[in-house]
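S.K.: how would this look folded up:
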Amino acid sequence: YQHKLKLALIGQSIFGQEVYSKLRKEGHKVVGVFTVPDKNGQADPLALAAEKDGTPVFKFPRWRAKGKPIEEVVAAYKSVGAELNVLPFCTQFIPMDVIDCPKHGSIIYHPSILPRHRGASAINWTLIQGDKKAGFTIFWADDGLDTGPILLQRECDVGQNDTVDDLYNRFLFPEGIKAMVEAVHLIADGKAPRIPQPKEGATYEGIQKKENAEISWDQPAAALHNWIRGHDKVPGAWTTIDGQMVTFYGSSLFDASVPAGQELAIKGASRPGLVTKNGLVVFGNDGKMVLVRNLQFEDGKMIPASKYFSADETTALELTEEEKKMAEDIRAIWKGILTNVAAIENSTDFFKSGASSMHVVRFINITVGPPGQVNCAEETACLSVEKRRNFFHLQKNTISSSVPIHTAMPSLYCAVPGGLPWASEYTGEEGSVTQLAAARWWQAVHLDSKAKQQSGIVRCHFSLMWIFNIFIRLADLMEEHQEELATIESLDSGAVYTLALKTHIGMSVQTFRYFAGWCDKIQASEYGATIPINQARPNHNLTFTKKEPLGVCAIIIPWNYPLMMLAWKSAACLAAGNTLVLKPAQVTPLTSLKFAELSAKAGFPKGVINILPGSGGLVGQHLSEHPDVRKVGFTGSTPTGKQIMKSAAANLKKVSLELGGKSPLIIFSDCELDRAVKMGMGAVYFNKGENCIAAGRLFVEESIHDEFVSKVVEEIKKMKIGDPLDRSTDHGPQNHKAHLEKLLQYCETGVKEGATLVYGGRQVCRPGFFMEPTVFTDVEDHMYIAQEESFGPVMVISKFKNGDVDGVLQRANATEYGLASGVFTKDISKALYVSEKLEAGTVFINTYNKTDVAAPFGGFKLSGFGKDLGEEALHEYLRTKAITVEY
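M.R.: Predicted structure coming up:
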């Protein structure tokens, strides 16, 4: 495909997001995204992706009013100058003024083989009517309802027990995304057909809603089955049992003799159903049977149909026979490891019985074989972790086992559909880490709030030394396990081991020791500052202040420094007397879980530290909204930070944000050049560029520009790229696949806009998510790479005229971010003048990346507000109470 188009994407959902991302990756320019307004403070996935990329996003609640197009909306659409409208999934009515506006018109995705099943519930009706084939159509929009000419179609077989989800996940979603991209390519190259839809076989069915999804029992079993699966999961086929609405899920045709079971009367059915050990058996009017596996009641509770008559509400979480056998096998292995335990019971806690992470390694060796030395160039052991009920599910390559294990908050682990992606940075092999069920967030916060009231972390005079000691014990344990933590951090985030040991782990230990010293210095239990006030004569008044903890604090951390970001925020939070619920990034949860183990060993009371792995859209959103959470501390992207502020505003909780950056680094000609080269490279390539304060743009004075670039490229060629566990490696893999793809696209954009790619810009030809250190020059201020953060190993260099100090300052400050900055010069007066004028929370002079646990850290503008580290960090987790006494 040779040609590219300017596209407007109109629609919503994850499907729309995936189509958007693939089209951009293929080189098409998305000039505007038109989607629905935020719902409950949560932006649509398509909007989130586009906003993150800097694509213009328009959120219109409607396009028409009283049957006529809204002029302002249409004008906003026309302003982007699209050549083609792409509607991957759209629930809004788009006026023909918009549909026909672009040069190439508009194309729409529809999940049926048109002209059959026109309408919004096409997939449902494909199953309800028992079609043997399903599929989708991409067609040219016209003024009819799904009647436009066909561009392309794809079809698949329908299995006997397929549900809507089965068809969507197996075929309609993945193949639909590919087909939308193919359709755009065909249009761009002038090869897209327009095939009129035939009149023969055309059908239109209405939207299926709950009120018209009731089961009619006077039908053959096959029709009953099709009706039930055609409504699974939404809106759900239902009937009336014992006077209440009961929804059926998970049906299949049951071709066997009538099983033994307990009769269950069903309204409208000529024959009662049978509750059997396998589920609920119901009968069609032909005498044949359908097996239903799950039932949902009006209050939302869902149970296995086989347990309808059971009074034990916990039976829904019983282990399967396979899991019971697995548990017995593991029990025997545990007995060999936990030699100090007389008997292994269901309640036995692995860590509290004396085990450590090294015993977990031993367990893995016994169950799946020794992992061997990790070598990126050769076969690599891939380990994934999935929490299932009270199990950690460990998988190495194709072999798997489950460990019934407790770390932080063991009672809250439960199963939810689907897993969060987890992958090896070395090979790209994938696994999953599941999350806590959404219904349990409130319980996590409730336990944390209760722990705040009952635990030893109470600001009273006699406990201050105890608090100090527990912090020191935790720091000592982290130091004792530093090599193990560094290894986990390398495996989890891709950080080079030596860097992980020195910085990720080393600074984490320092942070807890530093805040241990603050535990007995915060004015909390003792009367604090005494304030002179005007006296109300003849009475006398005394006014003083107290510093108090906030209560339950939520901390949400990123994936670039998993343990260090945890330490920066949680140490100040705990020293101030709070309890915390911490959500690690979903792609890097492992060191946080190890930290939970160490904190328990240090003696932190149960419930004070809670680790909740999961996605930001679920865990983070719930924590931001929960009324019992009084503070949210977040490090991550600016769009997510904005969303957290919106969510937190609902109950006016305290928020501190450390967000994105595009930190300028100014290098003057009177600097020590070799030092500037070394520090400049560190400013960009430190931690593979996955560094919030990374120098996003270098301004190099014209007279030394060429020599500076030459020296940088010379040094890059000496860097060793490879296994992060190899002590000699300088540059490891990027954190995850999606990020690597984003960086490659970032570099492509730089080249297209006219910047000079001096070095790199490509993926390293080896297994894993490795990217070459990259250098761009001739970068103009208007270019995308001059304005947007890469968060990767990309050096963006611009020249400035000799002696033009104020000019380069104006360019350096022409960014919406203000996290960090730097200047290299031997002239201290110039350095101090520049540091005063730079609009950033941190300024480095003749150095870079030099942070310290005693120095406050935080940004200005869209880089956030609030501080981590130093005394100022404590203020983020305290409140001031004024007390006035009359005597």
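S.K.: could you point out where this protein is predicted with low confidence?
M.R.: Counting by pLDDT under 70, the chain contains low-confidence ranges at 1-2, 40-42, 311-320, 322-327, 336-342, 345-464, 523-528, 536-537.
S.K.: The most far-flung residue of it relative to its centre and L563, how far apart?
M.R.: Largest separation from the mean C-alpha position in the chain: P538, at 62.1 Å (C-alpha atoms, centre = their mean). Distance, P538 to L563, by C-beta to C-beta, to the nearest Å: 60 Å. For glycine as for every other residue, the C-beta is placed from the backbone atoms N, C-alpha and C.
S.K.: Now T498: which helix or strand?
M.R.: helix 497-499 (DSSP states H and E).
S.K.: outside of the longest strand along the chain, which residues touch it?
M.R.: Secondary structure of the chain per DSSP state E: the longest strand is strand 244-254. By C-beta atoms under 8 Å, 6 or more residues apart in numbering, the list of residues contacting strand 244-254 from outside reads 160-161, 215, 221-222, 224-225, 228-229, 232-233, 236-240, 279-281, 288-298, 302.
S.K.: Could you name the helices and strands sitting against the helix or strand immediately after it in the chain?
M.R.: With elements assigned by DSSP H and E, the helix or strand that comes after strand 244-254 is strand 262-264. Applying 3 or more C-beta pairs under 8 Å, 6 or more residues apart in numbering; DSSP states H and E, one finds that strand 262-264 makes contact with strand 273-276.
S.K.: what residues does whatever helix or strand comes next after the strand it packs on touch?
M.R.: Helices and strands here follow DSSP H and E; after strand 273-276, the next one along the chain is strand 279-283. Identification of contacts with strand 279-283 by C-beta under 8 Å, 6+ apart yields 217, 221, 224, 248, 250, 254, 258-259, 261, 264, 266, 269-271, 273-274, 289-295, 304-306, 308.
S.K.: Would you mind writing the CA trace of the helix or strand following strand 279-283 as PDB?
M.R.: Sequence-wise, the next helix or strand downstream of strand 279-283 (DSSP H and E) is strand 289-296. The C-alpha coordinates for strand 289-296 follow below in PDB (Å, rounded to 0.1, in the frame of the first residue of the first chain):
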ATOM      1  CA  MET A 289     -32.600 -30.700  27.000                       C
ATOM      2  CA  VAL A 290     -30.500 -27.600  27.500                       C
ATOM      3  CA  LEU A 291     -27.900 -27.300  30.300                       C
ATOM      4  CA  VAL A 292     -27.500 -23.900  32.000                       C
ATOM      5  CA  ARG A 293     -24.400 -23.500  34.200                       C
ATOM      6  CA  ASN A 294     -24.900 -20.100  35.900                       C
ATOM      7  CA  LEU A 295     -27.800 -18.100  37.300                       C
ATOM      8  CA  GLN A 296     -28.000 -14.500  38.300                       C
END
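S.K.: starting at the chain centroid, how far to the next helix or strand after strand 289-296?
M.R.: Once the chain leaves strand 289-296, the next helix or strand it forms, by DSSP H and E, is strand 302-304. Relative to the chain's own centre, strand 302-304 is displaced by 29 Å; criterion: C-alpha atoms, centre = their mean, to the nearest Å.
S.K.: So which elements touch strand 302-304?
M.R.: Checked by 3+ C-beta pairs under 8 Å, 6+ apart, strand 302-304 has strand 289-296 packed alongside it.
S.K.: relative orientation of the strand it packs on and strand 244-254 in degrees?
M.R.: For strand 289-296 against strand 244-254, the angle by axes from the mean of the first three to the mean of the last three C-alpha atoms, to 10 degrees is 140 degrees.
S.K.: now the helices for the stretch 501-650 of the chain?
M.R.: Assigned by DSSP state H, counting those that start in this stretch, the helices in the stretch 501-650 of the chain fall at 506-516, 562-575, 590-602, 621-625, 638-648.
S.K.: Which of those has the highest mean neighbour count?
M.R.: Ranked by mean neighbour count under mean count of other C-beta atoms under 10 Å, the helices of the stretch 501-650 of the chain are led by helix 562-575, which reaches a mean of 27.
S.K.: helices or strands up against that helix?
M.R.: By 3+ C-beta pairs under 8 Å, 6+ apart, helix 562-575 packs against helix 464-480, helix 482-493, helix 506-516, strand 552-556, strand 579-583, helix 590-602, strand 629-635, helix 870-875.
S.K.: helices or strands up against the longest one?
M.R.: So the one you mean is helix 464-480. By 3+ C-beta pairs under 8 Å, 6+ apart, helix 464-480 packs against helix 506-516, helix 562-575, helix 590-602.
S.K.: among the ones you listed, which is nearest L809?
M.R.: helix 562-575 (29.7 Å; C-beta to C-beta).
S.K.: That closest one: how far from the chain's middle?
M.R.: Using C-alpha atoms, centre = their mean, the offset of helix 562-575 from its chain centre is 20 Å.
S.K.: Please apply the same query to stretch 689-703.
M.R.: 27 Å.
S.K.: And that stretch, what's buried?
M.R.: Counting neighbours by 16 or more other C-beta atoms under 10 Å, one finds that the buried residues in stretch 689-703 are 689-701.
S.K.: Surely K801 is in contact with G807?
M.R.: Yes: between K801 and G807 a contact is recorded at 6.6 Å, counting by C-beta atoms under 8 Å.
S.K.: Neighbours of P115, how many?
M.R.: 20 (other C-beta atoms under 10 Å).
S.K.: Could you pull up the contacting residues of the closest residue to it other than its chain neighbours?
M.R.: Spatial nearest neighbour of P115, chain neighbours left out: A202 (3.7 Å); criterion: C-beta to C-beta, 6 or more residues apart in numbering. Going by C-beta under 8 Å, 6+ apart, A202 touches 115-116, 118.
S.K.: Give the helix, strand or coil label for A202.
M.R.: coil (DSSP: H, G, I helix; E, B strand; the rest coil).
S.K.: Then V73?
M.R.: helix.
S.K.: That one and K59, how far apart?
M.R.: From V73 to K59 the distance is 11 Å (C-beta to C-beta).
S.K.: cool, and S835?
M.R.: Using C-beta to C-beta, S835 is found at 40 Å from K59.
S.K.: Okay, strands next: where are they in the stretch 701-850 of the chain?
M.R.: 756-759, 774-777, 794-800, 817-818, 820-824, 842-845 (DSSP state E, counting those that start in this stretch).
S.K.: Identify the residues contacting stretch 824-834?
M.R.: With C-beta under 8 Å, 6+ apart, stretch 824-834 has contacts from 665-668, 670-672, 675-676, 679-680, 805, 809, 823, 843, 845-846.
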